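Colleague: Sharing a model that was predicted from the sequence below.
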Amino acid sequence: MDESLGNSSMDSIEVGPTSPRVLVTPRIPAAVMMRETPLSTKRERQAMTPRYRGPMPKIFKSQQPQRSILSMTRKDTTPQLLTPHGPQPLESPLYDHKNTQSFLEQTFKIDEIIGRGSFGEVFAARCLEDSRLYAVKVSIAPIRQHSISKYREAELHMLIPPHKNLVRFYRAWVETDRLYIQTELCEQSLQQYCLIKHALPEKEIWNISVDLLQAVHHLHSLDMIHDDIKPDNIFLTRHKICKLGDFGLVINLKNPNDVKSAEEGDSKYLAPEVLNGRPTKASDIFSLGVTILEAATDLDVPSSGDAWHQIRNGQIPPRFFVGISPILQDLIKSMLDKDPLKRPTSQTLLAHASMKRKIFMRSLYVKWVDTSDSLTSLFKWILVWCMAFVSVVFRPVAWFHEEIQNRRSEICAQFLNPHQQHTPIHTPENSKAYSESLTGVALRQAVPSPFDFSDDENPPHSQRRLFQSAPVPPFPSRLNFDDDDDEDEEQATCSSSNSSAIEPIGDVSPRFRRPVTSMVQRESTPKSARRLLSAYRPSPGLSPTTSNFHNPSFSHQDHQASGDGFNNNMSMLTDQERTEKYRRMQQTEQHRDWIDRANVVDEAPPPMSCPPRIRRGTRDLPRLPLNFNLLDDEPAKKEGGDDVEQKREDKKAAPEMRRFLRSNSKQLRSKTQYLFIRVYFLPLLSLSSFLIKE
Ligand SMILES: Nc1ncnc2c1ncn2[C@@H]1O[C@H](COP(=O)(O)OP(=O)(O)OP(=O)(O)O)[C@@H](O)[C@H]1O
Ligand SMILES: [Mg+2]
């Protein structure tokens, strides 16, 4: 049928010799009419019928499912692995027989459905056993038990030795009457590629021809016929290497019992002799010739009619070959020869002079791709291990840094805000004493003092905390009440009285010389009482168990009679010595008051102890101004009225702040390192894991 005639019949009709041309709606459906049209390219066809988006959909033997097959599968049998020696139970460390999910769902992570064919659905799925991506084809209809060809595709595929231009077979299994075939995943089919690109450049056509001829030659050398070569069954990797797939119609010529099903290859690519006979190796060459012609010319291959015969009679209009080299034209035409005997074999074609160089170049390219792939995977492997190692090494460091930073902030906040009550620095040594004092254990053990000095200005003991071992610069040592001469005596006095304050009588040990609770009592004792306490020192040589302190009959007179004590010492001193001694005592008292204020808390301690380095660094620091921006805390609220005083304090504290900053610069540096890990290392880690997934 003439092209112009076809167009006029579709768009307009002449009602009479004088009548004007009127547009009518064609009665014949476009699809039927298009079958009658002569050869055209797919692009031309698209222009004529804008809604045309590709070849007509296939007619399925069974109704195409509206939802995925997976949602319809029920697991009621154990999966059977198909092997050349028969079915065997399929095992995997990830598979749980008791689980109601299928083997596919348990051992794969399904990414998407990548295709639907007459046989089944094809999924892109990541195998959880090796973390690689595969294509898994699941049969649509349950496999009929007595069907001869029920596992045909899988059985034939597993028989074919692997080849770089054949889609690789991994395994196949049957579960609940459905066949699953796990194969290599490719990027797209040649049909999808051609629909986007239309006529491919000649260089690509040569690459495709070389790849497919090698694949067909591999099959033919095994005495196998593919019988379904078409763009839909040819797949492209991401490196544009062509692979022949879908071995459902393969004929094994070596097996005389191989009964082929009634299905035949796609009529568009069918060799003319197959209409009246059996498929042969030559028919595969014909199908391959039509495929290459379609890819090179963007020909819309007819499935029947005159156009179908036109191709088989070698009457392809020369306009389709415009821009194609004569060598490629000759190659295609020879493959489409009507006479199967005149058609070249795959071996003859590969041995062609023009082919040899191209095969060599292609094999180099394939090797390069393989090498780069292996190097990439090796690099990824090394990267993963390095990352794992580095993360193992640095993770505790990062965690430790974070803890230190938090702790530092807390400590600084205490020192920088004079109006805020201070949280104590808890050390492993005093944490026990802390918990004891909270529960009152230590206080209950303590022998009650004869003096009750608790008053309103002293908070309860349970709220008092100590810097147990805090040095008190620039003030004299807390035990150094008196002159150097009587230092020993003073210490003995203190330890004796302290021990008696916490320990039950008769159980005094030297390690309790400075128990915390006794310090609590001491810290909370008013000045006047402390002076009186010194009067209760035990006499030298008197054991703590017989100490006057614990003797209920002990009185002030007894104390004076024992000849020791504060008043006697003082009376023996000169005026100047006494003044000096008072001055020092005053300083000590002031400092003790400061400690008292600093140690009052009303909150539970944080769980982590402050590391000694920081404890040392921060202990000596004076209070710093409130507006220290290093901390994220809210600026402390100034109480009304003492703005001026506050400013003066701030000014005084400025050099102290500098000192503080200097001493903390090391910590800030470590914070920078920590940030470096957060900003560079962790994203690098996620990048590498992403690369590995890919
Ligand atoms: N290994 C694979 N990699 C990528 N995509 C694939 C793969 N296998 C199949 N597909 C996609 O799934 C579609 C259908 O696959 P396949 O041809 O194997 O199914 P089919 O049921 O045999 O169909 P038909 O009988 O029409 O050939 C293909 O067109 C292709 O898009
Ligand atoms: Mg197919």
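Modeller: Thanks, I have the structure now. Residues are numbered from 1 along each chain as shown. Ligands and ions are numbered 1, 2, ... in the order given.

Colleague: Could you tell me how many residues sit around residue 280?
Modeller: Here the number of neighbours of residue 280 (other C-beta atoms under 10 Å) works out to 20. C-beta coordinates here come from the backbone N, C-alpha and C atoms, glycine included.

Colleague: Give me the distance between it and residue 356.
Modeller: Per C-beta to C-beta, to the nearest Å, residue 280 is found 26 Å from residue 356.

Colleague: what do you get for residue 107?
Modeller: Taking C-beta to C-beta as the measure, residue 107 falls 45 Å from residue 356.

Colleague: So which of the two has more stuff around it?
Modeller: residue 107 (19 against 11).

Colleague: how about the residues of this protein that lie near ligand 2?
Modeller: With C-beta under 5 Å from the ion as the criterion, the chain meets ligand 2 at residues 117, 233, 246.

Colleague: for the last one, helix, strand, or coil?
Modeller: Same thing as residue 246. coil (DSSP: H, G, I helix; E, B strand; the rest coil).

Colleague: Pull the contacting residues for it.
Modeller: Taking C-beta atoms under 8 Å, 6 or more residues apart in numbering, we find residue 246 in contact with 117, 153, 167, 228, 232-233.

Colleague: Tell me the backbone dihedrals of whichever residue of the stretch 201-350 of the chain sits closest to ligand 2, please.
Modeller: As assessed by C-beta to the ion, ligand 2 sits closest to residue 246 within the stretch 201-350 of the chain, at 3.6 Å. Torsion angles at residue 246 (phi, psi; degrees, to the nearest 10) stand at phi 60, psi 90.

Colleague: Number of residues surrounding residue 597?
Modeller: 11.

Colleague: Next one: it from ligand 1, what distance?
Modeller: Distance, residue 597 to ligand 1, using C-beta to the nearest ligand atom, to the nearest Å: 76 Å.

Colleague: Also residue 222?
Modeller: 20 Å.

Colleague: Cross-check the contact I'm expecting between that residue and residue 162.
Modeller: No. With contacts counted by C-beta atoms under 8 Å, residue 222 stays clear of residue 162, the gap being 11.9 Å.

Colleague: For these two, indicate the residue with more neighbours.
Modeller: Neighbour count, other C-beta under 10 Å: between residue 222 and residue 162, residue 222 has more, with 16 against 10.

Colleague: And for the more buried one, nearest residue in space, chain neighbours not counted?
Modeller: Computed as C-beta to C-beta, 6 or more residues apart in numbering, the closest residue to residue 222 that is not its neighbour in sequence is residue 160, at 6.7 Å.

Colleague: Looks like that neighbour contacts residue 166 (just checking).
Modeller: Yes. The criterion here is C-beta under 8 Å, and residue 160 meets it with residue 166 at 6.4 Å.

Colleague: what sits in contact with each of the two?
Modeller: With C-beta under 8 Å, 6+ apart, residue 160 and residue 166 have common neighbours 218-219.

Colleague: These two: which has the busier surroundings?
Modeller: Per other C-beta under 10 Å, whichever of residue 160 and residue 166 has more neighbours is residue 166, with 23 against 20.

Colleague: what are the bridge partners for the more buried one, then?
Modeller: residue 244 (DSSP bridges).

Colleague: Could you pull up the residues touching it?
Modeller: Per C-beta under 8 Å, 6+ apart, neighbours of residue 166: 160, 215, 218-219, 243-245.

Colleague: Quick check, pLDDT for it.
Modeller: Residue 166 is assigned a predicted lDDT (pLDDT) of 96.

Colleague: distance of it from ligand 2?
Modeller: As for residue 166, its distance to ligand 2 is 14 Å (criterion: C-beta to the ion, to the nearest Å).

Colleague: switch to numbering from 699
Modeller: Renumbered: residue one is now 699, and that last one reads residue 864.

Colleague: count of residues packed around whichever residue of the stretch 949-1098 of the chain sits closest to ligand 1?
Modeller: Of all residues in the stretch 949-1098 of the chain, residue 964 sits closest to ligand 1, at 7.6 Å by C-beta to the nearest ligand atom. Residues lying near residue 964 (other C-beta under 10 Å) number 19.

Colleague: any idea how far it is from residue 997?
Modeller: In terms of C-beta to C-beta, residue 964 sits 15 Å off from residue 997.

Colleague: Next, the nearest residue to residue 1019 once chain neighbours are set aside: secondary structure please.
Modeller: Computed as C-beta to C-beta, 6+ apart, the closest residue to residue 1019 that is not its neighbour in sequence is residue 1027, at 5.2 Å. Here residue 1027 is recorded as helix under three-state DSSP.

Colleague: cool, residue 786 as well?
Modeller: strand.

Colleague: beta partners of it?
Modeller: residue 779.

Colleague: I'd assumed residue 777 was in contact with it.
Modeller: No. Applying C-beta under 8 Å as the test, residue 786 and residue 777 come out as separate, 10.1 Å apart.

Colleague: And those two? Which one has more around it.
Modeller: Using other C-beta under 10 Å as the criterion, residue 786 and residue 777 rank with residue 777 on top: 23 against 11.

Colleague: List phi and psi for the more buried one.
Modeller: Given degrees, to the nearest 10, the pair of backbone angles that residue 777 has is phi -70, psi 140.

Colleague: Name the residues of the stretch 899-1048 of the chain found near ligand 1, please.
Modeller: Within reach of ligand 1 by C-beta under 6 Å from any ligand atom, the stretch 899-1048 of the chain has these residues: 930-931, 933, 943-944, 946.

Colleague: any idea which of those residues is the one closest to residue 875?
Modeller: Using C-beta to C-beta, residue 946 is the member of these that lies nearest residue 875, at 17.5 Å.

Colleague: so how far is residue 924 from the residue nearest to the closest one when sequence neighbours are not counted?
Modeller: Leaving aside its sequence neighbours, residue 946 sits nearest to residue 851 (C-beta to C-beta, 6+ apart; 3.9 Å). Distance of residue 851 to residue 924, computed by C-beta to C-beta: 12 Å.

Colleague: Let me know the pLDDT of the residue of the stretch 899-1048 of the chain closest to ligand 2.
Modeller: Confidence score, pLDDT, at residue 944: 90.

Colleague: ditto for residue 909
Modeller: pLDDT, read off for residue 909, is 96.

Colleague: What of residue 806?
Modeller: pLDDT, residue 806: 93.

Colleague: can you count the residues close to it?
Modeller: So residue 806, with other C-beta under 10 Å, has 22 neighbours.

Colleague: bridging residues for it?
Modeller: residue 825.

Colleague: Look up how far residue 821 lies from it.
Modeller: Taking C-beta to C-beta, one finds residue 806 at 8 Å from residue 821.

Colleague: In the chain, mark out all the strands, start to finish.
Modeller: 710-711, 720-721, 778-781, 784-787, 806-814, 818-825, 831-837, 867-873, 876-882, 886-887, 922-923, 932-934, 940-942, 949-950 (DSSP state E).

Colleague: got the domain boundaries for the protein?
Modeller: For the chain, the TED database gives the domain ranges 778-883, 887-1058.

Colleague: show me what contacts the nearest residue to residue 989 once chain neighbours are set aside?
Modeller: Nearest-residue entry for residue 989: residue 929, 5.6 Å, with adjacent residues in sequence omitted and distances by C-beta to C-beta, 6+ apart. By C-beta under 8 Å, 6+ apart, residue 929 lies in contact with 887-889, 892, 989, 992-993.

Colleague: Among those residues, name the ones in helices.
Modeller: Judged by DSSP state H, the contacts of residue 929 include 888-889, 892, 989, 992-993 as members of helices.

Colleague: Show me which residues of the protein are close to ligand 1?
Modeller: Close to ligand 1, as judged by C-beta under 6 Å from any ligand atom, the chain has residues 756, 812-813, 815-818, 820, 833, 835, 865, 881-884, 887, 930-931, 933, 943-944, 946.
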